[in-house]
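J.: below: sequence and its predicted model.
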Amino acid sequence: MNDLPTRLAAKDIATDAFKAVMRNLAGAVSIVTASHGGVRAGLTATSVTALSAEPPTVIVCVNRAASAWPTIEAAGHFGINVLAARHRPIADRFAGRGGIKGEARFAGASWGPLVTGAPTLDGALAVIDCETEEALERHSHTILIGRIKAIRHATAEGALLYWRGVYGQIEDELQAGAGI
């Protein structure tokens, strides 16, 4: 009897099946923000990763259908605000839950710029302020490569995660003494 999982060719992979598989990748939850022409915009993202330490650069994948995309694209910069577990309501707002868009997403929290002018969340676990180095369009998304211009990190607390379509959290095991 063959216990190997079924393998499908790329042409046979349905969008829903792909999304179900990808939901098994737990990801930190961040808010990607930008400001252009007096307009602030942002969205919730889990597609954020380091690209290089020399020079310090990151990658962010943004759906071009997102309401925040035109501002992020025009700005030439963006901020990545890594959220703590206590920021779940902010993640929901920037994900557009309840139909909230534009400036209304910034309500209920304190925001200020670092270097580029991108809005950064006071009290975020980490903030990465980037100048857009390159934007690569692929399918429904744009891959933004950001050259880091400034960073800020807060005291250790549990991170907000997204896994299998729901939020969760992870506590700082090292601080708790568990170690790796």
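T.: Looks like it arrived, so ask away.
J.: how many other residues sit next to residue 99?
T.: 6 (other CB atoms under 10 Å). Quick note: C-beta positions are derived from backbone N, CA and C, even for glycine.
J.: ok, residue 81 next?
T.: 30.
J.: ok, it to residue 93 distance?
T.: Distance of residue 81 to residue 93, given as CB to CB, to the nearest Å: 12 Å.
J.: quick one: contacts of stretch 157-170?
T.: With contact meaning CB atoms under 8 Å, 6 or more residues apart in numbering, stretch 157-170 is reached by 23-29, 46, 82-88, 91, 125, 171-172.
J.: what distance do you get for the residue positioned nearest the centre of the chain to residue 38?
T.: Nearest to the mean C-alpha position of the chain, counting by CA atoms, centre = their mean, stands residue 45 at 2.9 Å. From residue 45 across to residue 38, the span is 23 Å (CB to CB).
J.: again, but for residue 159
T.: Taking CB to CB, one finds residue 159 at 32 Å from residue 38.
J.: more neighbours, the two?
T.: residue 159 (19 against 5).
J.: can you tell me which of the contacts of stretch 157-170 are in helices?
T.: Per DSSP state H, helices hold the following members of these: 88, 91.
J.: just the buried members of the contacts of stretch 157-170?
T.: Buried members of the contacts of stretch 157-170, scored by 16 or more other CB atoms under 10 Å, are 27-29, 46, 82-85, 87, 91, 125.
J.: what helix or strand is residue 149 on?
T.: strand 141-153 (DSSP states H and E).
J.: and for residue 134?
T.: strand 126-138.
J.: now swap in residue 157 and tell me
T.: Residue 157 belongs to no helix or strand, assigned by DSSP H and E.
J.: buried sites along the strand holding residue 134?
T.: 126-132.
J.: out of those, who's nearest residue 111?
T.: Closest approach between these and residue 111, by CB to CB: residue 127, at 10.4 Å.
J.: turn the buried residues of strand 126-138 into CSV, including pLDDT and distance to residue 66.
T.: Below are the buried residues of strand 126-138 laid out as CSV (pLDDT from 0 to 100; distance: CB to CB, whole Å):
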residue, pLDDT, distance to residue 66
126, 96, 22
127, 97, 20
128, 98, 19
129, 98, 20
130, 98, 17
131, 98, 20
132, 98, 16
